[in-house]
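1. based on what follows, work out the 3D shape:
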Amino acid sequence: MNAFLKRIAPHNSELIALAILAPLALVLGALLIHWPAINPANLPPPTAAPPASALSTPASSPAATAPAAIATLVVESPSGVVQVPVTISDHATAADLLAAAQTQGQITAVTKDFGGELGIFVEEINGVANDPKSETYWFLYVNGVKSPLGASSAAVRTGDVATWRYEKEEPQ
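-> Alright, predicted model coming up:
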């Protein structure tokens, strides 16, 4: 017996692999033999795509006549007031409104994005920049109330008015 073990000792790793692979091959072979074959005759027939006219929404449907979700961006600066209606998504913020109005070419804005919870900081709108010497800055109001949140966190819904006012900072 000792002589046999000495002869097979150099082949231990090969024997272990064979001991693992042989039963695995037997199990897989049995599964393949007994696995039900897919017969194309038993499959349901393919369905034709509906005509394009069935996919379009008729003009009289409620979805076609529903009003778009619109909020208003207002910019109040020393040079005047600008109002921009903006189509918004479900989770829009005041920052989104500002960016959309800028994309539409209705306003110009210079912002700095601090990322995360801080979000964007408005440095300038329509050529009017924050002025630390006079303590005059751009402040955000949503529906007439000064926002305690930054523009990136202040939610805006359909019908809301997000106003940027250029005003003197109030002492605290």
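
2. any chance you could list what contacts stretch 133-140?
-> 94, 122-125, 128, 130-131, 146-147, 150-151, 154, 162-169 (Cβ atoms under 8 Å, 6 or more residues apart in numbering). Using the backbone N, CA and C atoms, a C-beta is placed for each residue, glycine as well.

3. ok, now stretch 82-97?
-> Residues contacting stretch 82-97 (Cβ under 8 Å, 6+ apart): 68-75, 100-101, 104, 106-107, 111, 119-120, 126, 140, 142, 147, 150-158, 162.

4. among the contacts of stretch 133-140, name the buried ones.
-> 94, 122, 125, 128, 130, 147, 150-151, 154, 162-164, 166 (16 or more other Cβ atoms under 10 Å).

5. show me what the stretch of helix or strand Thr163 belongs to is packed up against.
-> Thr163 belongs to strand 161-168 when elements are defined using DSSP states H and E. If you count contacts as 3 or more Cβ pairs under 8 Å, 6 or more residues apart in numbering; DSSP states H and E, strand 161-168 packs onto strand 70-77, helix 94-103, strand 120-125, strand 136-142.

6. pairing partners for the helix or strand just after the last one, with directions?
-> What it means is strand 136-142. Under the assignment DSSP H and E, the closest C-terminal helix or strand after strand 136-142 is strand 145-146. The strands beside strand 145-146 in its sheet (DSSP bridges) come out as strand 136-142 (antiparallel).

7. tell me what angle the partner strand forms with strand 70-77.
-> 160 degrees (axes from the mean of the first three to the mean of the last three Cα atoms, to 10 degrees).

8. from Val128, how far out is the residue lying closest to Val74 once chain neighbours are set aside?
-> Excluding its sequence neighbours, the residue lying closest to Val74 (Cβ to Cβ, 6 or more residues apart in numbering) is Thr163, at 4.2 Å. Distance, Thr163 to Val128, by Cβ to Cβ, to the nearest Å: 14 Å.
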